[in-house]
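K.L.:
Sequence and computational prediction follow.
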Amino acid sequence: MENEIVNCARCGLRIAPKKDFVFRVDGSIEHVKCPVPAQKPLAPDPICLACSRPIRPIDSVAKEGEKMVHVRCLTARPVAGGR
């Protein structure tokens with residue numbers, strides 16, 4: 001890597017000689033302290049406890065214990081003790 005210009009795989013900026021860098025799994029390199037923060041992978045949509053369908057970001061939701069439920073599923077259930 002002597003006298004070779006190498007760019008960071010994450011931010012694209014040049015990695016200066018004798019600066020700290022790390023090898024990525026794909027074989028490219030990036031700054032140890034890259035100025036561009038790493039992006040978090042997107043989490044899968046949670047599943048509704050009542051209908052077993054994905055809960056999308058635009059859906060209205062309620063929590064039932066630790067599980068999330070579509071509001072439409074929660075209101076569609078019969079209420080115990082009701083007539």
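P.N.:
Cool, the structure landed. Because the structure is a prediction, the values reported are computed rather than measured.
K.L.:
all contacts plus neighbour counts: C-alpha atoms, from now on.
P.N.:
OK.
K.L.:
Now do the worst-scoring helix or strand of the chain on mean pLDDT: everything it contacts.
P.N.:
The weakest-scoring helix or strand in the chain, judged by mean pLDDT, DSSP states H and E, is strand 61-64 (a mean of 78). Outside of strand 61-64, the residues within contact range by Cα atoms under 8 Å, 6 or more residues apart in numbering are Ile55, Met68, Val69, His70, Val71, Leu74.
K.L.:
quick one: which of those residues has the most company?
P.N.:
Neighbour counts for those peak at Val69, which has 25 neighbours (criterion: other Cα atoms under 10 Å).
K.L.:
and it, that's in a strand?
P.N.:
Yes: using DSSP: H, G, I helix; E, B strand; the rest coil, the assignment for Val69 is a strand.
K.L.:
Please name the residues that touch it.
P.N.:
The neighbours of Val69, taking Cα under 8 Å, 6+ apart as the test, are Ile47, Cys48, Leu49, Ala50, Ile55, Val61, Ala62, Lys63.
K.L.:
any idea how far Arg56 is from Pro37?
P.N.:
As for Arg56, its distance to Pro37 is 26 Å (criterion: Cα to Cα, to the nearest Å).
K.L.:
no, scratch that, I was asking about Val71
P.N.:
36 Å.
K.L.:
and if you look at Ile58?
P.N.:
Counting by Cα to Cα, the gap from Ile58 to Pro37 is 27 Å.
K.L.:
ditto for Cys8
P.N.:
Counting by Cα to Cα, the gap from Cys8 to Pro37 is 13 Å.
K.L.:
could you pull out the strands for this protein?
P.N.:
Per DSSP state E, the chain carries strands over the ranges 21-23, 29-31, 61-64, 67-70.
K.L.:
Columns distance to Ile15 on top of those strands, output as a markdown table?
P.N.:
Listed next are the strands of the chain as a markdown table, based on distance: least, Cα to Cα, whole Å:
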| stretch | distance to Ile15 |
| --- | --- |
| strand 21-23 | 8 |
| strand 29-31 | 7 |
| strand 61-64 | 46 |
| strand 67-70 | 45 |
